[in-house]
Structures are given as C-alpha cells and as structure tokens.
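Asks: below is the sequence, then the predicted model.
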Amino acid sequence: MTDAEMQIDELKREDAETREFLTFMLAGEEYGVDILRVQEIKGWDSVTNIPNTPDYIRGVINLRGTIVPIIDMRLRFKLEPLEYGPTTVVIVLKVEKNSEFVRTMGVVVDAVSDVHDVPANQVKASPDFGTTVDTDFVKGLATVGEKMVIVLDIDYMLNSQELASLDEVME
Amino acid sequence: MSIDISQFLQTFFEESFEGLDIMESELLNLNVGSADKETINTIFRAAHSIKGGSGTFGLSSVADYTHVLETLLDEMRDGKRDVTQQSVDVMLQSVDVLREMLNALQDNLDLDHDRIASSHKQLTDLLSSDTSLPAASSTDSNAPKDSDTQEENSSGGWIINFSPYPDMMKTGNDPVRIIRELEELGNLTIELNDEKVPSLDELEPESCYLSWKLTLHADVPIDAVQDVFSWVDDECELQINEIIISDGYSGPDRRAPESTGKARKAASKEQTSIRVGIDKVDDLINMVGELVITQSMLHQLHDVEEFNQNTLERLQDGLAQLEQHTRELQENVMRIRMMPISFAFQRFPRLVRDLSNQFGKNIELKLTGEQTELDKTVMEKIGDPLVHLVRNSLDHGIEMPEIRAEAGKPETGTIELNAFHRGGNIIIEIKDDGAGLNTQKILQKAKENGLVKEGDTITTEQVNDLIFQPGFSTADVVSDVSGRGVGMDVVRRNIRALNGSVEVVSTPGVGSVFTIRLPITLAILDGQLVRVGKETYVIPLISIIESLQVKNEFVNAVTGSAEVYKLRDEYIPILRLYEIFDVEPDTKNLSAGMLVIVESEGQKLAIFVDELLSQQQVVIKSLETNFRKIDGLSGATILGDGTVALIADIVGVYELYQKKIVPSELKVIHDGGVAA
C-alpha cells in the first residue's frame, strides 16, 4: 500500500463526513488544500529576496510582525512561469508536522477558485505515474461535480529540506 | 473545594534551585571552626523551605532527605555541633544530590536511589556521630582519612550487578532464591532491568531475560556475598562493588558539573519564568500611564475641524512625546529581561575549589563586575562556554605550585573573571596568571594537522587563534577536564551563535586573557543599513570599523579573481556583496560605491555596497521561525516602511566568500604574506 493510499484509508476511517477544501487555479488545473489550514488570503505584494535559495522561494514578507517565506507554486511544480496579475494571490497556510503546528508559509497561485465540500470517500488515490512525475505532494484526487481537484499534501510539501532547517528534517 | 497545586510545582522547583544555589554559596563561605551564625541560619532556612515545599507536593523522597540535612543544620545553629570540614563536604555533596533529585523529578526521570541512599547514610552517620569524632578528622579530608572513617564506621555495603545468562534457569538455578538469600544478609534494595525481555511471541519461557542491580546495605565481608553466587558463578555476569561512603572529592566534583549541564539542556525546552523586581514593574506602569496621557492628548486633535498653526504645534509636541515615551518604554521592557551576571558567575567558586583540589593546585578566584546586567537568554547560553574557559585556564593555564615557585611567581595562582559594559556590548574577561599559550607547540601541532603550511608567515595572534580550530589540542595528556580537542571550537561556535566573539591574548610566562564580547540583548541590534541594487541589508554596527569611498589606486587584483584594498598598512580583501547575495547592483565600478570595513575575529574585510543608508536600532526577527537558517544571514528585521530587510552575518558572509570566489590561495596571502 502506498503512502497516499494509507492516508486516504485514514481519511475514510476518521470520518465518512465531508471535508472542506479551498481550491485554487494553477496553469488551468484546480488544486485543493484543507481549508482548516488556510490562515488568510492576501494579494501579491513585493517580497524581500533571500540569497542563495532555489528560485521557487520568492522571498520573505512581513506578515504583521512575523517573517513569512513565500513559495511560488508554478515554479515549485516546474510549470511555465506566469507574470503576476490582478488575480494572483498569496494563500497563507499553517504547516503542521506530526499534528503540531510548526510554521506559517505563503504560496503564490494564479487565482483562488472555490470552496468545496467533498465527502472523504470521494478522494481517490492518485495513480502511480512512476518516477517521471513527482506526485509526492499529491494526497489524492477528488471529484467535484464534473471536475477533478488535486488534493495537495501541504505538510509534506512545505516541510521539505529546502524549506526547513536541516536538523528538523533529520528528526 | 480542591485546588490544583500542580500549577505551583514549577515555581517550587525554581525556588528550590535558587535555595540550593544559596546553600552552596553559603556553605563555601562557611569558616570551619568559627562559623558565622547568620550564615548557618541562611543555609538552614533554604533547606527548611525545600523540605516544606516538597512535603506539600508529596515529594516524600526529597522531604525525607532534606529532613536529615535540616536536623544537622539545626544542631549547628544551636551550637550543639561544631562545623567541621567533613560536615561541610558532606553537606555540599548533599546539595548536589538534592539538585539531581529535583532535576530528575522535574523531568520525570528515575531517581538515582543508590546515590541518594549512600548520601542519606552519610548524613545520618554524621548526625549520630558525637561531635568529637568529626572534629578529629576535621583538619583534612583527603583520601586516606576517608578510608579511616570508613573503617571506623565500617558500614558500607555492596552494589551487585547480576545479569544471568539466558539459559541459567535450565541448570536448575533460580535467581529468586539467590536474591532471597542475599536479603538474609541485610537490608536489600532491588532494581530490576527488563530491557532485554522480548515481545511475547518471541519469549522463551525457559530463558531468563532479566538482570538486577542489587544494593545490599549490610556490613558483611565480600566472601559472604560471593558465597551466595557460588552456584551460578559461570552462568551469569556478576559485578560486586563496594559502596564507598566518604568518597571525598572525586564523587561530587566529577558528577556535579556534568549533571547540572544535562539538566540545563532538558530545562531549556520547558517554559521558563523570570523574576522581576517590583521597581521595574512600577516603572513600566508609570511609562504606560504617560503613554496613555500622550495618546489622549493626540486624540484631542482627532476632533479638530481645521488645522491651524496652533493645532499643528500641539501635534508636533504630542508626536515628540510619543517618541520619547515609546523609547523609554522599550528600554524599560528590555530591562525586564536583564539579570546581573552573578547568576552565571556563582557556580565558579565551587568549580574552582573542587578542580583545584583535584589537580593539587592552589588557585584563588576573583570575581568582579558581578552586577553587570545582561539578557537572560544570553546568560543561559553563556554558562557552558564560560565553564569551559575557566576549566581550561585551571588545567592548562595555571602551573603546579612547584613550577610557579621556580618561576618566581606566588604559589597560589589567580583566575579573574571580570564583566563590564563597553559600547553597547558586554565584555567578559577570563584572566589567569599562568604559563600562557605555548605558541611553539601550537604552531607545531598546526603544521602536523595541516592547518598551517611550512613557510607561511603568520603572526602570534593568528597562532593563538588556532586553538579555536576544531579538533585542536596541544595537551600532552588528555585529562577528564580538558585536552580532547573538542572544546575551544565549540566555545567559539556557541558564542558566535549569540552574535558574539571570543579572542585570546597571551604572554608566555605571564598568563592569558580570554575576552568574550556579547551583545547585551538578542532582541535588538544597532545596525548600519546599506543598499545593494533594490535590496537593503543590515550590517551590525559592532563589527564595522569604518566606511570609505574607494580610491582606485589602492585596489590591487590578486591572481585575477580576488581583489584587495590597501588601507594604510594593511591589505584587506574586497568582498562584493552583490556577488555573495546574487543581486543586481547599481554599479560594479568600485569607485562609484562604498566600502564598509568590518572586522570579525581578527579578520578584516572590505564589503562593497552601492550606498550607505541610515544607522538605526533594528528588532531582530528569526528566519528560522517559519523558514530555515540561511548562510550569510543572521536574521531579518522590519523597517519603518513595513518591508523586510535581511541582517548580514559577517562571519557567514566571509565563509560564503571563501567558498564562492576564492580558492584557498588568498587565505594565505591576506594572512600577511603579501605585505611586500
């Protein structure tokens, strides 16, 4: 059983109830994150660059006195970069690790789309694309009406080595 | 109605640790023979409150233990008992034991029952002995005397580590029977070790997976104990050790510093509290009151229909007041975190006393500037590096009394700890009048380790600085105190982590001075804002020597890739910040920008930036809270316009520069070789 399948299993066991996802657009696809993890949504504003970091780390912003790093999702997923426009937003997420809050991070996306109620059993495991596609970030695929929503594992994605201190990763 | 008293437990622990610190320092002050009654009273009161508190919280082990100590002190207080060297030693040891007990209880760890029991026994022995006996042995208490006392009391006992081999039971021997037999010899404490017991499906019922630690408190010869095990001699691992009662100095001094160190680490995870003098709180309340008045003054202007000259003046007044009050409030808030450095210094009298006994050296410790205040966080983190430096001076610095006499120095060596403020920093000096650093030996070791190449010209200061390199030790004999070569580099790293620096100045035959320079607080930094392209960076003002405009004739290229700037008699490597931080600058032409000359740990650097902006105090924000450590940066701050500026870490920037631009050659060159 893959990790993703186990997680979905967990989801099913936990509750047969629905979960709410905030969805956003990225290069024409709709992605979803657990709405309880969304701290706020704000417009794109300039950032302070951090030297010697991967290009998808856009920099840091001042969020009411705390320094919050901003990740560009297009660059993170190795998609074509898009010039930031009026719909470009930063979704500020609360990242957890072992069910404990560890840090706040912002992600830049093309646009915020919708909030969906999705029954937990509607989230299917993503097919195995082999090693060619990096699907570690994908928790599962959900069907909402006719559309497919890609449910992201933000904890996995935002706890990766480039984003957290090395010793935390080693734990 | 029931009250949840567990919420007070943390307070109890803190107060008890404070009490123990008091007891320790007062015990060290106690004059044997003619003890000051007030001193004994202070010690007694501290012991009494620990006993009372532990009783309230149901920590009976602590309460019982302290009770004996208290009784002993009570007799001394009433003059029924003389204060002897032996009793002081025993009590100092019991302070250690109590501290360990409290630490263990705080962290929910198991108590070291053997140690408690043996120390408890020593106290009761002391209590039951009549006063003339300890007086006889009060002159000195070194090893042979101790074994005498042991024979007189002749009541040690045995610690038996008994680990049967798995198949012992197959030969018809039963550990239970053996333990019962031991119990007949005397009072037996049993500790079971069940680590090796496998899970149920792997468990073989006929095998023995258990082992025991048995403590027999009985005055029996070792033969009697061995007899019990005679049947299973070759079917188990058996260790029988005597419980030493008066184990003199070696026991407490090796264990105490280590265990306190560990406890400190564990405690740092917990939420700590701080005690603040009521005057500081009153000041704050006053300040806030003023601030409210200023606010209401400004608020009046809110309702003004139209601005005229008069209202504008009032607005300006109000804003000026607001600025002043905000600054004062900030200063007062910072003061809350400030504590006198005596909290860090107070463990040294004990440490020096114990270690100098261990080494057979005569050492006097002088403490000055104990009232110098610094941030609580800095204080907590500077403790261990300080201990290391003091131990180092004690072990390597101060010579043995005979050698000192030969060199015409007083036999008693001196270690001085001095703390004072200088230019927004706190300086701590550790000074000894010992032999000084042996530059010849350091250089030789450095050449062996490949840190220095043959033929390199390096100055004495640079040689001395080599002791801070990882894995560097010149000690001929590795002692348990120092000489393993892990140490000075850790000291430097820990101090760097606090944005501080450590340097050494040494004169052979006269002594060495280690100077630690620390920021008073970790929360605020005096910074020089500089601009490179669109980015603003903060350079700590403490590391800046001067800023200057470039004169092209003083710029020299070295091996094509590196540049040096001739400033008076020195050649300083030029480090272009835009290359290090990979940003687009306004100009790459040196004469169009500015050079900021900085110094860090004896290394001067010329940092090239586009423009100097203002100097200001900045509040340090950690990048690690939501992100991770970035090389070359020590944090970030928020500027007046709400944008984020990054704070440069000079040491880190220099390391990046070495990695990025220069292969190893330049290192040698600016070490002095090019000065032709």
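Replies: Good, I have the coordinates.

Asks: which residue ranges form the strands in the stretch 401-550 of chain B?
Replies: B:413-422, B:425-432, B:501-507, B:511-519, B:524-532, B:535-540, B:544-549 (DSSP state E, counting those that start in this stretch).

Asks: so which helix or strand takes in the residue positioned nearest the centre of chain B?
Replies: The C-alpha lying nearest the average C-alpha coordinate of chain B belongs to B:D384 (Cα atoms, centre = their mean; 2.0 Å). Element membership of B:D384 [criterion: DSSP states H and E] is helix B:376-392.

Asks: quick check: A:F21 touching A:I35?
Replies: Yes: under the criterion of Cβ atoms under 8 Å, A:F21 makes contact with A:I35 at 6.1 Å. (Glycine included, C-beta is placed from N, CA and C.)

Asks: any shared contact partners between these two?
Replies: A:V115 (Cβ atoms under 8 Å, 6 or more residues apart in numbering or on different chains).

Asks: comparing the two, which residue is more hemmed in?
Replies: Of the pair A:F21 and A:I35, A:F21 is the one with more neighbours under other Cβ atoms under 10 Å in any protein chain shown, namely 26 against 14.

Asks: just confirm that one is within a helix.
Replies: No: using DSSP: H, G, I helix; E, B strand; the rest coil, the secondary structure at A:F21 is strand, not a helix.

Asks: that one and chain B, how far apart?
Replies: 23 Å (Cβ to the nearest Cβ, to the nearest Å).

Asks: to B:T294, which of the strands of the stretch 401-550 of chain B lies closest?
Replies: With Cβ to Cβ as the criterion, B:T294 lies closest to strand B:524-532 of these, at 22.4 Å.

Asks: ok, and what's touching that closest one?
Replies: Contact with strand B:524-532 is made by B:334, B:424, B:499, B:519, B:536-542, B:544, B:547, B:577-578, B:581, B:583, B:585, B:594, B:596, B:607, B:609-620, B:637, B:639, B:645, B:647, as judged by Cβ under 8 Å, 6+ apart.

Asks: how does it look with 7 Å?
Replies: B:424, B:519, B:536-542, B:544, B:577-578, B:581, B:583, B:585, B:596, B:609-620, B:645, B:647 (Cβ atoms under 7 Å, 6 or more residues apart in numbering or on different chains).

Asks: those also near chain A: which ones?
Replies: B:581, B:583, B:645 (Cβ under 7 Å from any Cβ of the partner chain).

Asks: mind listing residues that contact whichever strand or helix holds B:Q658?
Replies: Per DSSP H and E: B:Q658 is located in helix B:650-660. Defining contact as Cβ under 7 Å, 6+ apart, one finds that helix B:650-660 is touched by B:496, B:543, B:575, B:579-580, B:598, B:600-601, B:603, B:605, B:631-633.

Asks: residue numbers of the stretch 551-676 of chain B in contact with chain A?
Replies: So the stretch 551-676 of chain B meets chain A at B:581-583, B:621, B:623-632, B:636, B:638, B:642-646 (Cβ under 7 Å from any Cβ).

Asks: name the SS class of the closest residue to B:I336 other than its chain neighbours, please.
Replies: In space, B:I336 comes closest to B:V276 once its chain neighbours are excluded; the distance is 5.3 Å by Cβ to Cβ, 6 or more residues apart in numbering or on different chains. Of the three states, B:V276 takes coil under three-state DSSP.
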